[in-house]
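J.: Predicted coordinates and the sequence they were generated for:
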Amino acid sequence: MKNPCEMIARYILPAFRSLIAKGLIDDHGFTQVAAAAKLGTTQASISYYISSKRGEKYINLLKNNQHVQKKINEIIEGLVTTSFSSEEVTGTLCDLCIFLRDNNQLNLIQGDDVLHKK
């Protein structure tokens, strides 16, 4: 059985990053390079994120979660206004993962019972 954090890193974090990258680019006019700099990643990763090649299975499920969308919007606004540090982005993403896990919403990854246990 895999550790829940490993599963989140593989499936859920790419979906979060995709939502953030799309928000920065589509709603705030960032270039892929500028979005990559804000997220501490590469332009190639941003390209994958905005084409939904990373985490696409989970993007729509997470986008429809009001709590997740609120936090993603907070991250985007914090990055746009430069009021969020990279540590704050990481902390907010960790909080989101904990929220999903504590509220049994990680059943997005079917067949991985480890994600349902606390």
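T.: Perfect, I can see it now. Please read these numbers as outputs of a predicted model, since none were measured by experiment. Residues are numbered from 1 along each chain as shown.

J.: From Ile8, how far off is the residue at minimal distance from the centre of the chain?
T.: Of all residues in the chain, the one closest to the mean position by CA atoms, centre = their mean is Phe16, 1.2 Å from it. Separation of Phe16 from Ile8 (CB to CB, to the nearest Å) stands at 9 Å. Yep, even glycine has a C-beta here, placed from its N, CA and C like the rest.

J.: Also Ile25?
T.: Taking CB to CB, one finds Ile25 at 24 Å from Ile8.

J.: Then Ser86?
T.: Counting by CB to CB, the gap from Ser86 to Ile8 is 18 Å.

J.: rewinding a little: helix or strand: which one has the residue nearest to the centre of the chain?
T.: Using DSSP states H and E, Phe16 sits in helix 13-22.

J.: dump the residue contacts of Lys71.
T.: 92, 95-96 (CB atoms under 8 Å, 6 or more residues apart in numbering).

J.: er, Thr90 actually
T.: No contacts exist for Thr90 under CB under 8 Å, 6+ apart.
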